[in-house]
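Undergrad: This is a predicted model, with the sequence first.
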Amino acid sequence: MSIHQLAYQILMESDIELKLQQTVALYTQQKKQLSNLDDAPVKSIPIPGRPPQPDLISPKKLKHRKLNSESGRAHLIHAVTHIEFNAINLALDAVYRFRNMPADFYIDWLQVASEEAHHFTLLRKRLEKMGYHYGDLPAHNGLWEMTLKTDHDVMARMALVPRVLEARGLDVTPGMMQRLEKAGDQETVAILDIILEEEIGHVAIGSKWFHYCCAQRELDPIATFRELLLKYMGTPLRSPLHTEARLQAGFSQQELDELLAMEKQWITSQT
């Protein structure tokens with residue numbers, strides 16, 4: 001089977017253990033030799049393979065809990081665990097969906113999928129140590145909803161999933177780690193430190209292929225990113241931005257300055 005077919009099979013796998021094992025195995029296999037590509041029709045995937053739990057609800061219905069209790073910390077860790085599970089499917093979908101890209105594109109996104117599987121495993125074990133299981137608590141489906149909105153265009157996908165939704169993790173994780181450290185949860189802080197470092201690389205991969213698509217279409221990447229941001233999100237990026245991490249992840253200082261200016265203009269227009 002082609003790399004696209006293999007990625008599709010894992011993407012649609014609902015058994016968590018099989019999905020994790022097969023994701024890592026496919027990355028290991030493809031580092032050695034890329035499977036033949038194919039031009040078979042690409043299917044829309046309203047719902048990828050997932051276990052029956054957690055229940056998916058609107059983000060507005062999810063309660064924000066304080067981190068000074070174990071229950072509050074468990075809710076936060078469960079939310080991040082769910083994001084990492086979705087991120088496995090997001091990376092596999094990029095491999096399955098977008099054809100005729102350079103071979104490195106598929107290797108990059110299989111690497112992302114494999115690392116997201118590792119993140120999920122670390123967080124799930126942490127949850128279980130606290131007496132919870134993945135699926136015990138409700139979650140939202142925002143990441144996959146954006147996947148569906150961008151399933152027609154690799155450039156839009158690279159701009160909006162890694163460089164917006166996943167990059168938001170670069171902005172908020174340091175503050176999350178500080179709050180957990182204050183609550184005495186050093187074990188979770190250590191896991192998030194691993195995740196933050198590798199997520200910088202994931203966003204950088206998104207930046208790399210977004211810039212590749214812009215170059216292929218002779219588009220200015222900064223202007224194109226702003227246009228896609230407003231078209232699909234309706235709002236600019238929210239500050240504060242983790243400048244150092246975003247610079248490492250493929251944003252330029254000029255781009256960050258323009259994004260902050262864009263946010264100020266948008267706030268002014270709303271008042």
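TA: Yes, it's here.
Undergrad: Run through the helices of the stretch 1-150 of the chain in chain order.
TA: With DSSP state H, counting those that start in this stretch as the criterion, the stretch 1-150 of the chain has helices at 3-11, 16-32, 70-97, 103-129, 142-149.
Undergrad: out of these, deepest packed?
TA: Of the helices of the stretch 1-150 of the chain, the one with the most neighbours on average (mean count of other C-beta atoms under 10 Å) is helix 70-97, at a mean of 23. Placement of C-beta: from N, CA and C, glycine included.
Undergrad: Now it: average pLDDT?
TA: In this model, helix 70-97 has a mean pLDDT of 95.
Undergrad: what's the angle from it to helix 3-11?
TA: Inter-element angle recorded for helix 70-97 and helix 3-11: 150 degrees (by axes from the mean of the first three to the mean of the last three C-alpha atoms, to 10 degrees).
Undergrad: From the contact counts, what lies against helix 70-97?
TA: Contact here means 3 or more C-beta pairs under 8 Å, 6 or more residues apart in numbering; DSSP states H and E; on that basis helix 70-97 packs against helix 3-11, helix 16-32, helix 103-129, helix 142-149, helix 154-160, helix 167-182, helix 186-216.
Undergrad: Residue 238 is nearest to which of these?
TA: Nearest of the helices and strands packed on helix 70-97 to residue 238, taken as C-beta to C-beta: helix 167-182 at 8.0 Å.
Undergrad: In PDB, list the C-alpha atoms belonging to that closest one.
TA: These are the backbone C-alpha positions of helix 167-182, laid out as PDB (Å, rounded to 0.1, in the frame of the first residue of the first chain):
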ATOM      1  CA  ALA A 167       1.300  27.400  18.000                       C
ATOM      2  CA  ARG A 168      -1.100  28.700  20.600                       C
ATOM      3  CA  GLY A 169       0.300  26.000  22.800                       C
ATOM      4  CA  LEU A 170       3.700  27.700  22.500                       C
ATOM      5  CA  ASP A 171       2.100  30.900  24.000                       C
ATOM      6  CA  VAL A 172       0.200  29.400  26.900                       C
ATOM      7  CA  THR A 173       2.300  26.400  28.000                       C
ATOM      8  CA  PRO A 174       5.000  28.400  29.900                       C
ATOM      9  CA  GLY A 175       2.200  30.100  32.000                       C
ATOM     10  CA  MET A 176       0.600  26.700  32.500                       C
ATOM     11  CA  MET A 177       3.900  25.300  33.700                       C
ATOM     12  CA  GLN A 178       4.400  28.100  36.200                       C
ATOM     13  CA  ARG A 179       0.900  27.600  37.700                       C
ATOM     14  CA  LEU A 180       1.500  23.900  38.000                       C
ATOM     15  CA  GLU A 181       4.900  24.400  39.600                       C
ATOM     16  CA  LYS A 182       3.300  26.800  42.100                       C
END
